[in-house]
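>>> whatever this is, show me its structure:
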Amino acid sequence: MRRLIASGSRQGNILAIALATLVVAYLAWKVTESPSQSVQFAFNGLSVGAVYALLAMGFTLVYSTVWFFDLYYGAAAAIGAYSVFYLRSKEAIGGLYQVQNPVVNVLFAAVVAGVVAWALYEILWPRLRGRVSQRGMYGIVAAAGAAAGVYSGLVFTYTDNIHLLFGPVAGLAIGVIVALGVREALQRLTGDEGGRVAAYVSAAVGMAVAVVAAALIAGTPETKLYLSWAVSCLLAGCVGLGIYRGLYVTLRQRARSPLVMLVASMGILLAISAAITIVFESAPRPLPDAFGSRPLEIAGGNIKGFNFFTVGVSLVGFAGLLWLLQRTSFGRSVRAIGDDEDVSKVVGINTTVVIAIVFFIGAVFAAMAGILSGHDTAIQPRMGLLLLLKGWIASVVGGIGNLYGALVGGFALGMVEQFGIWDLAGEWKDVISFVVLILFLSFWPKGLLPRK
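All right, here's what the predicted structure looks like:
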């Protein structure tokens, strides 16, 4: 048996070397044949690969924590793209197809209200137990959830004033991030981790930054599109968290079967895709032009500045997720749950809350990938399934469960797709992706960077 395994491993290595040699020879021939076109394909591969890397990173986070293939992940990408279109449809096509549906607004508001109420209950109840009755706590979180629902409903109803309605929230978020950064920097400089001076200074700086940022955003209507990105990502995250808490928790407790979870998530994907088709129709729709939409000529290739931004978002997302998983207590909890969820419960980790946050973060990554992809090509209701599959292929290529592999796999898949269609029609790129998937599953199932 060991001889057969060793023989198969040697054959796989020989095949890998042969394929790598052929790929290098092909690329060398093409580069010498048309240097300018090779620059174009290389940059196209990087920009597309950045989207695949975002998808793969979010998928890796979710999969390595709960160990099942969540198909809602593809729907989250579609929700992100179509939410931007919903909020900015007037600008996308000159008002010819402006979407405003009261039922959709109420549904979104209900989802946000439920998620906020549950999150506040999980945060406040352990700290206030004994001081407030459970009925009183229900009243508090219900009121807060209702307020959040009404606010989100207003944001989705009065889309032309999103910079006025959502500007204060965006400013507050910026202020909190700045305050946390200032506090950590002061604590490291002074060596006093519990110092009051650092807390007061960081709070003052954060409040000042929040007020200035909110005022600038509210006074700049050009921020509407980019605020819609944030709203769309948050909505996709809330839907993902709501699905996990409302459905997956029950199924995981009763069924304890990855197959049941897969079928349930497939139903969610199909239902959301059908709902998108009903609301927006099946025809492809464009998103408004973002910054950097005009191509620049660099080394003979036409390159958009927005595509540089896409690559940057992917790298920043990777760095942020890596820091979150390796430098925070939350990251340690995520890794513990991925290793053994039952033991994590025994040692006191609130696995339900941690996994809910994981689903939220994963959905935000997917939504951002859908938005970036939608600004590059037209969006359509079935885009979620294709993006889901591309994210999964990128994860397989890089190594399922490895965050570094997700980044490498995404860029590798994008480059292979783009250079693979050099002498073919663009429709062949999906065929090339699935051929790559079959090759890796057959010969290198652990991917380029296997999970340790």
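>>> C-alpha from now on. contacts and neighbour counts both.
Fine.
>>> SS state for Gln100?
Following DSSP: H, G, I helix; E, B strand; the rest coil, the label given to Gln100 is coil.
>>> pretty sure it is in contact with Tyr86, am I right?
Yes. Judged on Cα atoms under 8 Å, Gln100 makes contact with Tyr86 at a distance of 7.3 Å.
>>> neighbour count: the two, which is higher?
Tyr86 (25 against 16; other Cα atoms under 10 Å).
>>> against Gly149, how distant is the more buried one?
Taking Cα to Cα, to the nearest Å as the measure, Tyr86 falls 18 Å from Gly149.
>>> strands along this protein, start to end?
Using DSSP state E, the strands of the chain run over 295-298, 301-304.
>>> which other residues reach the first one?
Here strand 295-298 makes contact (Cα atoms under 8 Å, 6 or more residues apart in numbering) with 302-305.
>>> same thing but at 6 Å, please
With Cα atoms under 6 Å, 6 or more residues apart in numbering as the test, strand 295-298 has contacts from 302-304.
>>> all helices of the stretch 51-200 of the chain, in order?
72-92, 102-128, 134-157, 162-165, 167-190, 196-218 (DSSP state H, counting those that start in this stretch).
>>> the first one: how far from the chain's middle?
Between the centre of helix 72-92 and the centre of its chain there are 13 Å (Cα atoms, centre = their mean, to the nearest Å).
>>> relative to helix 134-157, how tilted is that helix?
40 degrees (axes from the mean of the first three to the mean of the last three Cα atoms, to 10 degrees).
>>> who are the packing partners of helix 72-92?
helix 224-243, helix 258-280, helix 351-376, helix 383-398 (3 or more Cα pairs under 6 Å, 6 or more residues apart in numbering; DSSP states H and E).
>>> any chance of the ones you listed in a markdown table with mean neighbour count, distance to Trp422 and mean pLDDT as columns?
Output for the helices and strands packed on helix 72-92, formatted as a markdown table (neighbours: other Cα atoms under 10 Å; distance: least, Cα to Cα, whole Å; pLDDT from 0 to 100):
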| stretch | mean neighbour count | distance to Trp422 | mean pLDDT |
| --- | --- | --- | --- |
| helix 224-243 | 23 | 33 | 92 |
| helix 258-280 | 17 | 32 | 87 |
| helix 351-376 | 25 | 19 | 91 |
| helix 383-398 | 26 | 20 | 89 |
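>>> make JSON lines from those and add distance to Met57 to it.
Output for the helices and strands packed on helix 72-92, formatted as JSON lines (distance: least, Cα to Cα, whole Å):
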{"stretch": "helix 224-243", "distance to Met57": "15"}
{"stretch": "helix 258-280", "distance to Met57": "19"}
{"stretch": "helix 351-376", "distance to Met57": "8"}
{"stretch": "helix 383-398", "distance to Met57": "8"}
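>>> among the ones you listed, which is nearest Asn161?
helix 224-243 (8.0 Å; Cα to Cα).
>>> got the angle for that closest one vs helix 134-157?
Angle of helix 224-243 versus helix 134-157, following the same axes, to 10 degrees, is 140 degrees.
>>> and helix 224-243 with helix 351-376, angle?
Going by the same axes, to 10 degrees, helix 224-243 makes 140 degrees with helix 351-376.
>>> how far off centre is helix 224-243?
For helix 224-243, the distance to the chain centre is 10 Å (Cα atoms, centre = their mean).
>>> now for it, which elements pack on it?
Helix 224-243 packs on helix 72-92, helix 351-376, going by 3+ Cα pairs under 6 Å, 6+ apart.
>>> got the buried residues for stretch 445-452?
445-450 (16 or more other Cα atoms under 10 Å).
>>> what residue ranges in the stretch 101-250 of the chain are flagged as low confidence?
190-195 (pLDDT under 70).
>>> most tightly packed of the strands of the chain?
strand 301-304 (a mean of 19; mean count of other Cα atoms under 10 Å).
>>> list the strands paired with that one, with their directions.
Paired with strand 301-304 in the same sheet, following DSSP bridges, are strand 295-298 (antiparallel).
>>> how far off centre is the partner strand?
With Cα atoms, centre = their mean as the basis, strand 295-298 stands 28 Å off its chain's centre.
>>> then stretch 53-67?
In terms of Cα atoms, centre = their mean, the centre of stretch 53-67 is found 9 Å from the chain centre.
>>> which outside residues touch it?
Against stretch 53-67 from outside (Cα under 6 Å, 6+ apart): 314, 338, 362, 365-366, 369, 391, 394-395, 401, 406-407, 410.
>>> centroid residue for the chain?
Residue closest to the mean C-alpha point of the chain, counted by Cα atoms, centre = their mean, is Phe365 at 0.8 Å.
>>> out of the helices of the stretch 51-200 of the chain, nearest to Gly420?
Closest among the helices of the stretch 51-200 of the chain, using Cα to Cα: helix 72-92, at 24.5 Å.
>>> just the buried residues of that closest one, please?
72-92.
>>> pLDDT score for Leu96?
pLDDT, Leu96: 58.
>>> oh, that last question was meant for Ala92, not what I typed.
In this model, Ala92 carries a pLDDT of 61.
>>> ok, back up a step: now the helices and strands packed on helix 224-243 in JSON lines, with distance to Glu222?
Listed next are these as JSON lines, based on distance: least, Cα to Cα, whole Å:
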{"stretch": "helix 72-92", "distance to Glu222": "11"}
{"stretch": "helix 351-376", "distance to Glu222": "16"}
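>>> would you tell me which of those gets closest to Val231?
helix 72-92 (8.1 Å).
>>> let me know the angle separating the closest one from helix 383-398.
Counting by the same axes, to 10 degrees, helix 72-92 lies at 130 degrees to helix 383-398.
>>> between the helices and strands packed on helix 224-243, which one is closest to Ala28.
The closest of the helices and strands packed on helix 224-243 to Ala28 is helix 351-376. By Cα to Cα, the value is 28.4 Å.
>>> and that closest one, what does it pack against?
The contact analysis (3+ Cα pairs under 6 Å, 6+ apart) places helix 351-376 against helix 35-66, helix 72-92, helix 224-243.
>>> just to revisit the earlier point, redo the contacts of stretch 53-67 as a markdown table? Include distance to Ser282.
Compiled in a markdown table, the contacts of stretch 53-67 are given as follows (distance: Cα to Cα, whole Å):
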| residue | distance to Ser282 |
| --- | --- |
| Ser314 | 29 |
| Gly338 | 39 |
| Gly362 | 26 |
| Phe365 | 25 |
| Ala366 | 21 |
| Ala369 | 21 |
| Gly391 | 23 |
| Ala394 | 27 |
| Ser395 | 29 |
| Gly401 | 35 |
| Ala406 | 31 |
| Leu407 | 32 |
| Gly410 | 28 |
